[in-house]
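> sequence plus the predicted model coming up.
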Amino acid sequence: MTTPTRIVSAGAGLFADAIEAQAVPVSRVDWRPPMPGAEADLATVAADPLRRPANEQALAAMLGVQALLVDVAPASEVLGLHRGEFLHAGPPIGWETTSGPLRGGLMAGAALEGLVDDPEEAVALFESGEGVSLEPCHHRDTVGPMAGVVTPSMWMFVLEDPATGRRAHCSLNEGLGKVLRYGAYSPEVLDRLRWMSAVLGPVLQKAVRTSGPVDATGILTQMLQMGDEAHNRNRAGTLMLLRDLSPAMVDSGFPSADVAAALRFIGGNDHFFLNVAMPTCKLALDAARGIDGSTMVVAMARNGTEFGIQTSGTGDQWFTGPAQVADGLFLGDYGPDDANPDIGDSAITETAGIGGFAMATAPAIVRLVGGSVPDALATTRRMHEITLGENPRWSIPVLEFQGVPSGIDVSLVCRTGILPQINTGMAGKVAGVGQVGAGLVTPPAEIFPQALAQLAARARARSTT
């Protein structure tokens, strides 16, 4: 009896196509070589007895968090920010290497706080360093979209995990176009921010404190089934938040004109819920920090110059490389030469498994960031190859309600060469310009072998003690 021929093809499909053309069945294996130079560290990490239980613990910790919107309050109160202290998106950076949009955001922040009369005067202030300091948002339990600039007078969303009392924060969303987070600092930008501090923040605070906590995790569950991916598309999430808060806003006792203006602002800002989704994701990922042996990524963030990641098993250490320019669609006459490299803490959404990882649930997003609907479906499937599991709470209807890919594994990224996919806005590279487009981007590949090398060094150290 003749044994049937069995052929397995790995890698490029040309050989498999030729065999199948001869009516011979082929089993295809999607294999890729590991990232260059990562082989020894991959072997060390794979043999680490702590890795599997540590990753299971990290993933379970992340998935077990429920985030509630419990307050809205000034950064000076909830973060302890003092005059002259500025938070920013991404890993640490000094003024001398800041990008245009981050400089523009800091200049606007200095004028907002009354440190200078004109934003242009802030350049000399930051160059001198006298009376001012810069610190990453992540170092203060906070995330900031795009430039991510937070100043003491800005009002913050406060998210809390009721099981532990841990909190995460984010500023209120300004909308799109010429806004501080995209590096704009014109008079209308500052006027909007002052109105947000004087009217919008207090109205929201009264509504949240009156109506009780809002289940942000639950809203994310629903909005993912309604066509949002919670990074560049937040329409359903914004409307659900408005549904939950608007009765209390109307009954808040504030002047009707102020309440009407606040309702119009939120209702006309499709991205408003993004600044609730981001700290919801941070709160979940922070629960997975500090687990020895875990290779799970707990933060991805960009400051417009560098892209940085942090992992569960390496503490607060940042692994950085040059931020990339997104590939996407541009507003008006803007083009690639006008765009700054990627910026913002908003990749915390992808780190948690939504945003670019959940493109399959929001096919309409391709009209904003580029690509096609098949690309969106393929992206979500591909992200499952570099994650530890899926989130059953956040599911994707078109993929038979499969949970979103969750828990980026540094070792899987290095072994497959597949990079996390991020949906992002694009800021103009010149301070003051504002938004120039939106698109798709990935981290610089070299930061994952950096993190893997540190994880491997820790594993070797443990094995010798």
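Perfect, I can see it now. Numbering: from 1, shown residues only.

> from here on, just use CA atoms for contacts and neighbour counts.
Noted.

> now the element after the helix or strand harbouring residue 436, going C-ward?
Using DSSP states H and E, residue 436 maps to strand 435-441. Of the helices and strands lying after strand 435-441 in sequence (DSSP H and E), the nearest is helix 447-463.

> pLDDT averaged over that following helix - what is it?
Averaging pLDDT along helix 447-463 yields 97.

> so which residues of the stretch 201-350 of the chain form helices?
Here the stretch 201-350 of the chain has its helices, by DSSP state H, counting those that start in this stretch, at 201-211, 216-224, 235-250, 256-267, 274-286, 348-351.

> need those in JSON lines with distance to residue 366 and mean pLDDT, can you?
What follows is the helices of the stretch 201-350 of the chain, written out as JSON lines (distance: least, CA to CA, whole Å; pLDDT from 0 to 100):
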{"stretch": "helix 201-211", "distance to residue 366": "32", "mean pLDDT": "97"}
{"stretch": "helix 216-224", "distance to residue 366": "15", "mean pLDDT": "97"}
{"stretch": "helix 235-250", "distance to residue 366": "15", "mean pLDDT": "97"}
{"stretch": "helix 256-267", "distance to residue 366": "23", "mean pLDDT": "98"}
{"stretch": "helix 274-286", "distance to residue 366": "18", "mean pLDDT": "98"}
{"stretch": "helix 348-351", "distance to residue 366": "16", "mean pLDDT": "98"}
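
> tell me which of those sits nearest to residue 436.
Nearest to residue 436 among those is helix 274-286 (18.8 Å), distances taken as CA to CA.

> contact partners of the strand holding residue 436?
Strand 435-441 is touched from outside by 176-179, 182, 324-332, 334-335, 338-339, 342, 368-370, 421-428, with contacts defined as CA atoms under 8 Å, 6 or more residues apart in numbering.

> ditto for stretch 393-401
Against stretch 393-401 from outside (CA under 8 Å, 6+ apart): 220, 221, 224, 225, 358, 360, 361, 402, 403, 404.

> point out where the chain drops to low pLDDT.
Low-confidence segments of the chain, defined by pLDDT under 70: 1-6, 9-16, 19, 23, 27-31.

> now for the nearest residue to residue 160 once chain neighbours are set aside, how many residues are close by?
Distance criterion CA to CA, 6 or more residues apart in numbering; nearest residue to residue 160, sequence neighbours excluded, is residue 167 at 4.4 Å. Residue 167 has 23 neighbours, counted by other CA atoms under 10 Å.

> from residue 157, how far out is residue 167?
10 Å (CA to CA, to the nearest Å).

> cool, residue 47 as well?
Taking CA to CA, one finds residue 47 at 42 Å from residue 157.

> the two: who's more crowded?
residue 157 (26 against 14).

> quick one: that one is in a strand?
Yes. Secondary structure of residue 157 (DSSP: H, G, I helix; E, B strand; the rest coil): part of a strand.

> wait, it sits on residue 276?
Yes. With contact defined as CA atoms under 8 Å, residue 157 reaches residue 276; the gap is 6.7 Å.

> okay, and the common contacts of the two?
69, 170.

> and the most centrally placed residue in the chain, what does it touch?
In the chain, the centroid-proximal residue (CA atoms, centre = their mean) is residue 347; its distance is 2.1 Å. The neighbours of residue 347, taking CA under 8 Å, 6+ apart as the test, are 299, 300, 301, 355, 422, 423, 424.

> can you select the buried ones from the residues you listed in PyMOL?
To isolate the buried subset of the contacts of residue 347 in PyMOL, counting by 16 or more other CA atoms under 10 Å, use the following:
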select buried, resi 299+300+301+355+422+423+424
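
> of all the contacts of residue 347, which comes closest to residue 238?
residue 355 (15.3 Å).

> quick check: the closest one touching residue 229?
Yes. Under the criterion of CA under 8 Å, residue 355 makes contact with residue 229 at 4.9 Å.

> returning to that earlier point: the residue nearest to the centre of the chain and residue 230, how far apart?
11 Å.

> please apply the same query to residue 326.
Taking CA to CA, one finds residue 326 at 18 Å from residue 230.

> same question for residue 367.
15 Å.

> which of the contacts of stretch 393-401 are buried?
The buried subset of the contacts of stretch 393-401 - by 16+ other CA under 10 Å - is 220, 221, 224, 225, 358, 360, 361, 403, 404.

> tell me the SS of the last one?
Going back to what we said before, that points to residue 404. Residue 404 ends up strand, using three-state DSSP.

> start the count at 317 instead of 1 going forward.
Done: numbering now begins at 317, and the last item shifts to residue 720.

> what residues are bridge-paired with it?
residue 707 (DSSP bridges).

> I'd assumed residue 676 was in contact with it.
No. Checked against CA under 8 Å, the pair residue 720 and residue 676 is beyond contact range at 9.4 Å.

> need the overlap of contacts for these two.
What both residue 720 and residue 676 touch, as defined by CA under 8 Å, 6+ apart, is the set 696, 712.

> about what we covered before: pairing partners for the strand holding residue 752, with directions?
Here, using DSSP bridges, strand 751-757 pairs with strand 643-646 (antiparallel), strand 738-743 (antiparallel).

> so which of these is the most surrounded?
For the strands paired with strand 751-757, average neighbour numbers computed from mean count of other CA atoms under 10 Å are highest in strand 738-743, which has a mean of 30.

> how far does it sit from the chain's center?
10 Å (CA atoms, centre = their mean, to the nearest Å).

> how many residues are close by the residue lying closest to residue 578 once chain neighbours are set aside?
Residue nearest to residue 578 in three dimensions, not counting chain neighbours: residue 516, with 5.6 Å by CA to CA, 6+ apart. Neighbours of residue 516 under the rule other CA under 10 Å: 23.

> kindly report the same for the one 5 residues further on.
Other residues near residue 521 come to 20 when the count uses other CA under 10 Å.

> also residue 551?
22.

> what about the residue lying closest to residue 508 once chain neighbours are set aside, helix or strand, and which?
In this structure, residue 508 finds its nearest non-sequential neighbour in residue 490, 7.8 Å apart by CA to CA, 6+ apart. Counting by DSSP H and E, no helix or strand carries residue 490.

> contacting residues around residue 490?
By CA under 8 Å, 6+ apart, the neighbours of residue 490 are 496, 508, 509, 588.

> which one of these has the most neighbours?
That'd be residue 496 among those, by other CA under 10 Å, with 33 neighbours.

> contact partners for the nearest residue to residue 686 once chain neighbours are set aside?
Once flanking residues are discounted, residue 686 sits nearest to residue 644: 5.2 Å by CA to CA, 6+ apart. Applying CA under 8 Å, 6+ apart, we find residue 644 in contact with 685, 686, 753, 754, 755, 756.

> show me what the closest residue to the first one other than its chain neighbours bridges to in the sheet.
Distances taken as CA to CA, 6+ apart put residue 755 closest to residue 685, at 3.9 Å, once the chain neighbours are dropped. For residue 755, the beta-bridge partners under DSSP bridges are residue 644, residue 740.

> separation between residue 755 and residue 411?
27 Å.

> what of residue 703?
Distance from residue 703 to residue 411, by CA to CA: 35 Å.

> and what of residue 398?
Counting by CA to CA, the gap from residue 398 to residue 411 is 19 Å.

> on that earlier part again, please say which of residue 703 and residue 411 ends up with more neighbours.
A direct count of neighbours by other CA under 10 Å for residue 703 and residue 411 places residue 703 higher, at 24 against 16.
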